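Chemist: predicted structure and sequence below. I'll ask about it afterward.
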Amino acid sequence: MGFFLPLIGFFYLKNTLAFDEKSGVSQLILSSPIGNLRYMLGKLCSGTLLLYCFTAIVMTGSFFMMLWHFPGQYLSAYGFLSPFLFLLLSLPFCAALALFFESVRFLRGSFGSIIFVIAFFSVYVVVSMVEEPSFLLRSFDFSGTSFIYQGINRAALEQSGAPLDVLLFLGSAAEGLPTPTMHLVFNGISVSTADIQGFAGMLCVTLGLAVLSAPLYSLSNKLSVVKLPKKDAKKGMATTVGREAATSYAPVSPSAKNMWIRGIFSELSLMLSGQPFIWKLISLGAMIACLFMDLGMVQIYILPLALLWFINVYSAMGSREHQHDVLKYISTIPNGLLRQIIFSWASGIIISLTLSFPVILRMLFLGQTVGVFACLAGVVFLPSLALFLGEFTKTQRVFELSFIVITYVILNNVTAFMYIGIHPDIVSLSRSFIYLFAGLVMGVAAVLKRTGNAV
């Protein structure tokens with residue numbers, strides 16, 4: 001999971017400047033004595049610290065998973081922390097790249113996202129093929145893979161007298177490989193002179209990107225001034241709250257059924273329309289993978305990761321209305337607060353059900369009915385948890401951190417946390433009932449909290 005932190009972190013930070021523009025914060029800051037450069041450096045520091053918080057969660061989870069899976073076997077403090085050291089040094093580069101891509105107007109959308117994804121995996125492939133990465137390659141290795149690869153290779157060289165023939169990343173296929181003849185005693189990754197030079201080069205590139213982002217951001221803002229047509233002027237004035245408030249919560253005259261359908265579709269559109277094209281493309285790829293890949297792999301790994309990919313969608317449930325301060329407008333509509341939160345809850349369940357549908361379909365054909373029930377329980381539990389935490393904390397961060405921890409623990413085979421534990425070897429009917437009941441309780445509690453505040 002730590003390997004994907006740079007990729008996840010880039011997409012997580014990529015919209016920070018756009019959010020400041022919508023809220024008006026960036027205009028205030030840029031017109032103040034702070035200026036562009038300080039603003040960009042501040043964003044770089046805050047983005048890096050946020051990624052470090054995510055890394056701390058992964059490190060903490062790794063520590064407890066080590067105690068869980070290998071009781072009585074311990075590493076030294078440096079042995080445990082050293083692999084994360086290389087990752088920590090590469091994360092500022094990812095934060096700087098997110099700033100740079102947002103500062104260049106044509107890189108903000110899907111095109112920039114596609115470029116970054118291609119670059120990320122290209123660096124990974126090149127690093128895995130090159131025995132001795134050059135200084136230039138190390139300076140641009142924002143995945144940190146080259147440093148870890150060389151560190152493990154040096155450890156093998158010291159113990160066996162020969163470098164590694166094959167080093168597998170991300171569970172690469174090991175079929176046809178000779179049986180290992182030695183065990184690698186891992187005492188931590190040593191740091192070489194080439195590593196230090198690579199870190200220095202990466203730091204220079206990071207600072208250079210942040211400094212370059214300042215004038216590019218200013219230029220992009222000047223070039224993006226667009227005048228709205230007269231017929232859209234009135235519509236444009238409502239951009240601050242229009243999109244949030246205009247989600248068809250008003251009474252619908254034809255029928256109650258039509259009202260609920262329109263309300264749910266409006267909420268679904270609001271939750272998904274702001275996501276970039278590359279995000280939607282990867283989501284579609286995850287669903288296709290769930291349909292055709294090995295079912296056991298899908299049940300244990302692919303589906304939990306696919307749900308994690310929707311973390312930005314789920315985390316907005318319950319909290320979005322508080323952050324945009326639109327509840328005061330919704331409350332003026334008869335039963336508006338009740339309708340809106342139920343629409344949001346139903347939309348989250350529909351999204352989870354859509355993601356899980358290929359797996360449910362395959363399990364039905366195989367007669368895994370208990371697994372189907374467990375999957376449906378998870379479909380209800382996850383959006384209910386998001387709605388509950390969003391409504392009670394009024395922020396996205398609590399759910400995001402909780403969901404990352406839960407997913408990390410699930411991927412390390414701790415069955416008690418498997419809210420969507422559907423593999424035949426780990427499925428539990430009683431556990432599924434518990435998660436289903438907990439989901440319903442949290443959803444109802446969020447609804448009561450929202451409607452109770454209006455009384």
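Modeler: Perfect, I can see it now. Numbering: from 1, shown residues only.
Chemist: contacts only, for residue 358.
Modeler: By CB atoms under 8 Å, 6 or more residues apart in numbering, residue 358 lies in contact with 287-288, 290-291. The C-beta positions use only the backbone N, C-alpha and C, and glycine is treated the same way.
Chemist: quick one: residue 18 from residue 28, how far?
Modeler: From residue 18 across to residue 28, the span is 16 Å (CB to CB, to the nearest Å).
Chemist: want to throw the contacts of residue 358 into CSV with secondary structure?
Modeler: Formatted as CSV, the contacts of residue 358 follow (DSSP: H, G, I helix; E, B strand; the rest coil):
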residue, secondary structure
287, helix
288, helix
290, helix
291, helix
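Chemist: select only the buried ones of those in PyMOL?
Modeler: Here is the PyMOL selection string for the buried members of these, based on 16 or more other CB atoms under 10 Å:
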select buried, resi 287+290
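Chemist: closest to residue 373 among the contacts of residue 358?
Modeler: Among the contacts of residue 358, residue 290 lies closest to residue 373 (CB to CB), at 17.9 Å.
Chemist: surely the closest one and residue 297 touch.
Modeler: No. Residue 290 is beyond contact range of residue 297, at 9.8 Å (criterion: CB atoms under 8 Å).
Chemist: what does stretch 29-43 rub up against?
Modeler: Contacts for stretch 29-43 (CB under 8 Å, 6+ apart): 16-17, 20, 26, 95, 99, 103, 210-211, 213-215, 217-218.
Chemist: for it, buried residues please.
Modeler: For stretch 29-43, the neighbour count (16+ other CB under 10 Å) marks 29-30, 36, 39-41, 43 as buried.
Chemist: which of the contacts of residue 358 lies closest to residue 452?
Modeler: Using CB to CB, residue 287 is the member of those that lies nearest residue 452, at 37.5 Å.
Chemist: dump the residue contacts of that closest one.
Modeler: Counting by CB under 8 Å, 6+ apart, residue 287 makes contact with 306, 354-355, 357-358.
Chemist: how about a cut-off of 10 Å?
Modeler: 302-303, 306, 354-359 (CB atoms under 10 Å, 6 or more residues apart in numbering).
Chemist: one step back: closest to residue 335 among the contacts of stretch 29-43?
Modeler: Nearest to residue 335, judged by CB to CB, of these is residue 20 at 34.6 Å.
Chemist: for that closest one, grab the count of nearby residues.
Modeler: 18 (other CB atoms under 10 Å).
Chemist: how much space between it and residue 39?
Modeler: From residue 20 to residue 39 the distance is 9 Å (CB to CB).
Chemist: next one: residue 101
Modeler: 16 Å.
Chemist: re the thing from before, now the buried residues of stretch 29-43 in JSON lines, with secondary structure?
Modeler: JSON lines is the format used below for the buried residues of stretch 29-43 (three-state DSSP):
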{"residue": "29", "secondary structure": "helix"}
{"residue": "30", "secondary structure": "helix"}
{"residue": "36", "secondary structure": "helix"}
{"residue": "39", "secondary structure": "helix"}
{"residue": "40", "secondary structure": "helix"}
{"residue": "41", "secondary structure": "helix"}
{"residue": "43", "secondary structure": "helix"}
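Chemist: taking the residues you listed together, which two end up most distant?
Modeler: Based on CB to CB, the longest span within the buried residues of stretch 29-43 runs between 30 and 41 and measures 13.6 Å.
Chemist: pLDDT score assigned to residue 155?
Modeler: pLDDT recorded at residue 155 is 69.
Chemist: in stretch 208-226, what counts as buried?
Modeler: 209-210, 212-214, 216-217, 220-221.
Chemist: and if you look at stretch 429-449?
Modeler: Those would be 431-432, 435-436, 438-439, 442-443, 446-447, for stretch 429-449 by 16+ other CB under 10 Å.
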